[in-house]
Structure formats: structure tokens, C-alpha cells
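Trainee: Just the structure for this:
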Amino acid sequence: MSLRPDSTLSLVSPSISDRQQVANDSDVLKWFKSQRRGYQTQINTLLRAYMEAHR
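Mentor: Residues are numbered from 1 along each chain as shown. You can find the predicted model right below:
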């Protein structure tokens, strides 16, 4: 799967979420944090899109 900068993703909030620790490269996390509030939701949305694309 390849996400283009002009791709549109919709936010999906599952009713139950588990808190997990995920190791991310520091530069990747820094970039997400610099984008806006809600970076954790944005990361989750991207992971969900990847998961759905590979089912």
C-alpha cells in the first residue's frame, strides 16, 4: 500500500481501544507530533488503513 500526500483518510474510532506501547523511530514520532494535535489518532488511522488494505 502506498499513501500519497493528497490521499484522504477518514477517522474511525472503535468503541474499545487498548493502550499499547509501540516503538517508533524518533524522527517519525517527532514529525507526527509537529503536524497537529491528535497525532496518536492520526497514527492509529494510518495503521488501520494499512491493516484494512492487507486483509
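
Trainee: Which of the helices or strands spans the spatially closest residue to Ile43 that is not a sequence neighbour?
Mentor: Among residues not flanking Ile43 along the chain, Phe32 sits closest, at 5.9 Å (C-beta to C-beta, 6 or more residues apart in numbering). Just so you know, the C-beta spots here come from the backbone N, C-alpha and C atoms, and that holds for glycine as well. Taking DSSP states H and E as the criterion, Phe32 maps to helix 26-35.

Trainee: And that helix, what's buried?
Mentor: Phe32 (16 or more other C-beta atoms under 10 Å).

Trainee: immediately after that helix, which helix or strand?
Mentor: Following helix 26-35 in sequence order, the next helix or strand is helix 39-53 (DSSP H and E).

Trainee: which of the residues in that next one are buried?
Mentor: Neighbour-count burial for helix 39-53 flags 44-45, 49 (criterion: 16+ other C-beta under 10 Å).

Trainee: So what angle separates the directions of it and helix 26-35?
Mentor: Inter-element angle recorded for helix 39-53 and helix 26-35: 110 degrees (by axes from the mean of the first three to the mean of the last three C-alpha atoms, to 10 degrees).

Trainee: Helix 39-53 packs against which elements?
Mentor: If you count contacts as 3 or more C-beta pairs under 8 Å, 6 or more residues apart in numbering; DSSP states H and E, helix 39-53 packs onto helix 26-35.

Trainee: now the helix it packs on: how far from the chain's centre is it?
Mentor: Between the centre of helix 26-35 and the centre of its chain there are 12 Å (C-alpha atoms, centre = their mean, to the nearest Å).

Trainee: Show me the contact partners of that helix.
Mentor: By C-beta atoms under 8 Å, 6 or more residues apart in numbering, the list of residues contacting helix 26-35 from outside reads 39, 42-43.

Trainee: Out of these, flag the one nearest to Ala23.
Mentor: Taking C-beta to C-beta as the measure, Ala23 sits nearest to Ile43 out of these, at 12.6 Å.

Trainee: Spatially central residue for the chain, please.
Mentor: In the chain, the centroid-proximal residue (C-alpha atoms, centre = their mean) is Ile43; its distance is 1.8 Å.
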